[in-house]
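S.K.: For reference, the sequence and a predicted model appear below.
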Amino acid sequence: EAGVVQSPRYKIIEKKQPVAFWCNPISGHNTLYWYRQNLGQGPELLIRYENEEAVDDSQLPKDRFSAERLKGVDSTLKIQPAELGDSAVYLCASSLDNSAFFGQGTRLTVV
Amino acid sequence: GQQLNQSPQSMFIQEGEDVSMNCTSSSIFNTWLWYKQDPGEGPVLLIALYKAGELTSNGRLTAQFGITRKDSFLNISASIPSDVGIYFCAGQRSGGSNYKLTFGKGTLLTVNP
């Protein structure tokens, strides 16, 4: 069975440009998370979905970040415009119960 | 954001040695999870703990959910070079809409062959 799939693996953009990340969770997992991981830190939650509903987006910087999970399966995380401080690894995870499984992440570099 | 207190921050051990790391929190968690992350990869789930006092093994790995529900430890026995990586603990509260995983800052493990 395929795990959580994310794309792209790497992205380099100039500041003020938009960027989008895509995630396909494990089949049947209703819960989907987006995390951001800065260098030398553990992942920090940005947003959590239960099916297509965002049930926890308290940590999402809503002035520039947006996310959607149409049809309750795939999800997209967008940043517009990107800032230098957004450089990080963006991780998607999904779960059926309390155990979350992560994708490989997208490493974003903003220059 | 809130993070757990994970220690040690890093460890250097010889192949074959046992290693122990732990996480503590000022808050109670209902679930403790331990992950391993290799460079350039996402965290991989090693062990999940769901009950206070629970002791669970996965091969050479053993983890326990503390009785107070505020701590957990992970032991690795007879370490091998492929154990190298960053180990993260994560605690989760459940109930209502609060299923957020809170991560520690990680323990960097280096195994000298």
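M.R.: Great, that's in hand. Numbers count the residues shown, from 1 in each chain, chains lettered A, B, ... in the order given.
S.K.: Tell me the residues of chain A that contact chain B?
M.R.: Counting by C-beta under 8 Å from any C-beta of the partner chain, the positions of chain A adjacent to chain B are A:4, A:6, A:31, A:33, A:40-45, A:48, A:50, A:55-56, A:59, A:91, A:93, A:98-105, A:107. For glycine as for every other residue, the C-beta is placed from the backbone atoms N, C-alpha and C.
S.K.: all helices for chain A, in order.
M.R.: For chain A, no helices are identified by DSSP state H.
S.K.: Where does the prediction get shaky in it?
M.R.: Where chain A drops to pLDDT under 70, the residues are A:1.
S.K.: Check it for the residue nearest chain B and tell me.
M.R.: Closest to chain B within chain A is residue A:42: 3.1 Å, counting by C-beta to the nearest C-beta.
S.K.: and the residue most central in space within chain A, how far is that from residue A:68?
M.R.: Centroid-nearest residue in chain A, with C-alpha atoms, centre = their mean: residue A:34, separated by 3.4 Å. Distance, residue A:34 to residue A:68, by C-beta to C-beta, to the nearest Å: 11 Å.
S.K.: For chain B, name the helix or strand with the lowest mean pLDDT.
M.R.: The helix or strand of chain B with the lowest confidence, counting by mean pLDDT, DSSP states H and E, is strand B:101-103 at a mean of 88.
S.K.: mind listing the strands for chain B?
M.R.: B:5-7, B:10-14, B:19-24, B:31-37, B:44-49, B:55-58, B:61-65, B:71-76, B:85-92, B:101-103, B:107-112 (DSSP state E).
S.K.: So for chain A, which of the ones you listed sits nearest?
M.R.: Of all the strands of chain B, strand B:101-103 sits nearest to chain A, with 3.1 Å by C-beta to the nearest C-beta.
S.K.: helices or strands next to that closest one in the packing?
M.R.: Strand B:101-103 is packed against strand B:85-92, with contacts defined by 3 or more C-beta pairs under 8 Å, 6 or more residues apart in numbering or on different chains; DSSP states H and E.
S.K.: quick check: angle from the strand it packs on to strand B:10-14?
M.R.: With axes from the mean of the first three to the mean of the last three C-alpha atoms, to 10 degrees as the basis, strand B:85-92 and strand B:10-14 are set at 130 degrees to each other.
S.K.: Please tell me how far strand B:85-92 is from the chain's geometric centre.
M.R.: 4 Å (C-alpha atoms, centre = their mean, to the nearest Å).
S.K.: Parallel or antiparallel, list what pairs with that strand.
M.R.: Using DSSP bridges, strand B:85-92 pairs in its sheet with strand B:31-37 (antiparallel), strand B:101-103 (antiparallel), strand B:107-112 (antiparallel).
S.K.: Need the overlap of contacts for residue A:34 and residue A:68.
M.R.: Residues touching both residue A:34 and residue A:68 (C-beta atoms under 8 Å, 6 or more residues apart in numbering or on different chains) are residue A:75.
S.K.: Run through the residues that contact residue B:63.
M.R.: Going by C-beta under 8 Å, 6+ apart, residue B:63 touches B:32, B:34, B:46-47, B:49, B:55-57, B:72-75.
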